[in-house]
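Student: Next comes the sequence, and after it the predicted model I'd like to discuss.
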There are 2 protein chains.
Amino acid sequence: MAKPRWLDERDAHMWRTWLRLNQKLPSVLEAQISRDTGLSGADYAVLVPLSESPDGMLRARELGREILWDRSRLSHHVSRMERRGLVVRQECAEDARGAMVRMTEAGRAAIKGAAPGHVAATRRYFFDLLSDEEVDMLAAVFDRVLSNIERGDRSDPRGDRDGPIVRQKTTR
Amino acid sequence: MAKPRWLDERDAHMWRTWLRLNQKLPSVLEAQISRDTGLSGADYAVLVPLSESPDGMLRARELGREILWDRSRLSHHVSRMERRGLVVRQECAEDARGAMVRMTEAGRAAIKGAAPGHVAATRRYFFDLLSDEEVDMLAAVFDRVLSNIERGDRSDPRGDRDGPIVRQKTTR
DNA sequence: TCCCACTTGCTGACGCGTCAACAATAATTT
DNA sequence: AAATTATTGTTGACGCGTCAGCAAGTGGGA
């Protein structure tokens, strides 16, 4: 309330840099994956949790929670990936509503081929430029900011409930 | 080349947090703007540089460079905003190809109404959680990472040339 | 058992962002 | 000056993400 109306110069500069970085870094990394492997960033995001789980298989709900996608988005994207032979759907044993998403051999091969290059790019564009202390500090800061959002937050969580990014009804 | 194939646990944790944060923070902030003012994040992004420039007017090219949008996206979005009466197009004096984007009174009123709440949210979700030293350090790190991208980068710059995020030709 | 509320996943419609192609103009070369 | 090349902005098609609505299933309580 009593806070100054604007950010001071220092904060403002940092904020602008952060905004730019958040546009560019993901886009550079995604371009790299896509160029080298034909996977999109979204494909990659989906395949990672699958590749880390026992049978390359996860319940849709679980997978969605993992990558912070809502059910609808995941369903649409899985359909597309299914057409390309990267994953398959199969029914869930314990819960007849459920759907399991399983990665195919092709899917596993794709992520296996993509991961090393992606990790290397991550280093090249990020970790190689940071000292150990800086990494520690970023981790601390990000954890703090993120958990603050995830706690007090009744407004977008995306994780599970479909609580929804309000977007304007825009056009006439 | 000789680098380990994967990130160590510490780096990996930090990286995941960063990814989550980059999804959630923007979405929380955008939800706030939208809820309180009916502007989308994109609207806000467009209006900010306009509001900072002499006559609330900027050449399209300039504006696009500012917010890192390509010409097409900007053109489309300006059309939508024009329909809603937030901005108008007018022709450019010095360059007959050019188009000037000028914010209307309604546009100015909108951004004026939106800014304080947005700044407050920015504090609440970000700056209030950081010490001064942390802000300085983030600024240093982000500047370094960003300028590294913007230098060596012949792959997506987005800023001007339409060098483009390769995306997969996906479906069927 | 029968409700009733909740969860899970899918779908269609629609807005947004990207891409390729184009027209108009400007800048550069010859 | 004429020809060539580059830049600027717009457009239409199309893929992706969101939303609202639906069908099917689950679980708890009366």
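Tutor: Alright, I've got the coordinates. Remember, it's a predicted structure, so these values are computed and weren't measured experimentally.
Student: any chance you could map the strands in chain A?
Tutor: Using DSSP state E, the strands found in chain A span residues A:57-59, A:87-91, A:99-103.
Student: mind giving me TSV with these and columns for mean pLDDT?
Tutor: Shown next, in TSV, are the strands of chain A (pLDDT from 0 to 100):
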stretch	mean pLDDT
strand A:57-59	98
strand A:87-91	97
strand A:99-103	98
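Student: would CSV of the ones you listed with distance to DNA strand D and mean neighbour count be doable?
Tutor: For every residue, glycine as well, the C-beta is placed using N, CA and C. Output for the strands of chain A, formatted as CSV (distance: least, C-beta to the nearest atom of the strand, whole Å; neighbours: other C-beta atoms under 10 Å in any protein chain shown):
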stretch, distance to DNA strand D, mean neighbour count
strand A:57-59, 12, 18
strand A:87-91, 10, 16
strand A:99-103, 11, 20
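Student: Just want the angle from the lengthiest helix in chain A to helix B:9-37.
Tutor: Ordering each helix of chain A by length in residues (DSSP state H) puts helix A:9-37 first. Interaxial angle of helix A:9-37 relative to helix B:9-37 (axes from the mean of the first three to the mean of the last three C-alpha atoms, to 10 degrees): 110 degrees.
Student: picking up where we left off before, chain B: which of the strands of chain A is closest?
Tutor: strand A:87-91 (13.6 Å; C-beta to the nearest C-beta).
Student: measure the residue nearest the centre of chain A to residue A:146 for me?
Tutor: With distances taken as C-alpha atoms, centre = their mean, residue A:67 lies nearest the centre of chain A, 5.0 Å away. As judged by C-beta to C-beta, to the nearest Å, residue A:67 and residue A:146 stand 15 Å apart.
Student: now residue A:45
Tutor: Counting by C-beta to C-beta - residue A:45 and residue A:146 are separated by 17 Å.
Student: cool, and residue A:57?
Tutor: Distance of residue A:57 to residue A:146, given as C-beta to C-beta: 28 Å.
Student: So stretch A:106-124, near DNA strand D or not?
Tutor: No: remark: stretch A:106-124 sits outside contact range of DNA strand D, by C-beta under 7 Å from any atom of the strand, the gap being at least 14.7 Å.
Student: Could you tell me the per-residue confidence at residue A:150?
Tutor: pLDDT for residue A:150: 89.
Student: I'd guessed it sits against residue B:21; true?
Tutor: No: using C-beta atoms under 8 Å as the test, residue A:150 is too far from residue B:21 to be in contact (10.0 Å).
Student: okay, those two: which has more neighbours?
Tutor: residue B:21 (19 against 14; other C-beta atoms under 10 Å in any protein chain shown).
Student: Run through the residues that contact the more buried one.
Tutor: By C-beta atoms under 8 Å, 6 or more residues apart in numbering or on different chains, the contact set of residue B:21 is A:142, A:145-146, A:149.
Student: Mind jotting down where the helices sit in chain A?
Tutor: A:9-37, A:41-52, A:60-67, A:71-83, A:105-125, A:132-151.
Student: So what's the gap between the third one and the chain middle?
Tutor: With C-alpha atoms, centre = their mean, to the nearest Å as the basis, the distance from the averaged C-alpha position of helix A:60-67 to the chain average is 11 Å.
Student: likewise the first one?
Tutor: Between the centre of helix A:9-37 and the centre of its host chain there is 14 Å, according to C-alpha atoms, centre = their mean.
Student: on that earlier part again, with adjacent residues omitted, what lies nearest to the residue nearest to the centre of chain A?
Tutor: Nearest non-adjacent residue to residue A:67, counting by C-beta to C-beta, 6 or more residues apart in numbering or on different chains: residue A:45, 5.0 Å away.
Student: What's the local residue count around that neighbour?
Tutor: Residue A:45, neighbours per other C-beta under 10 Å, totals 18.
Student: Residue A:62 now?
Tutor: Counted with other C-beta under 10 Å, residues neighbouring residue A:62 total 14.
Student: Kindly report the same for residue A:72.
Tutor: 10.
Student: got the contact list for it?
Tutor: Applying C-beta under 8 Å, 6+ apart, one finds that residue A:72 lies in contact with no residue.
Student: can you pull the pLDDT of it?
Tutor: pLDDT, read off for residue A:72, is 98.
Student: Then the one 10 residues further on?
Tutor: Each residue has a pLDDT score; the one for residue A:82 is 97.
Student: can you check residue A:171 too?
Tutor: Here the pLDDT value assigned to residue A:171 is 34.
Student: Same check on residue A:168?
Tutor: Per-residue pLDDT puts residue A:168 at 35.
Student: ok, now residue A:122?
Tutor: pLDDT recorded at residue A:122 is 97.
Student: what residues are up against it?
Tutor: Contacts of residue A:122 by C-beta under 8 Å, 6+ apart are A:29, B:7, B:15.
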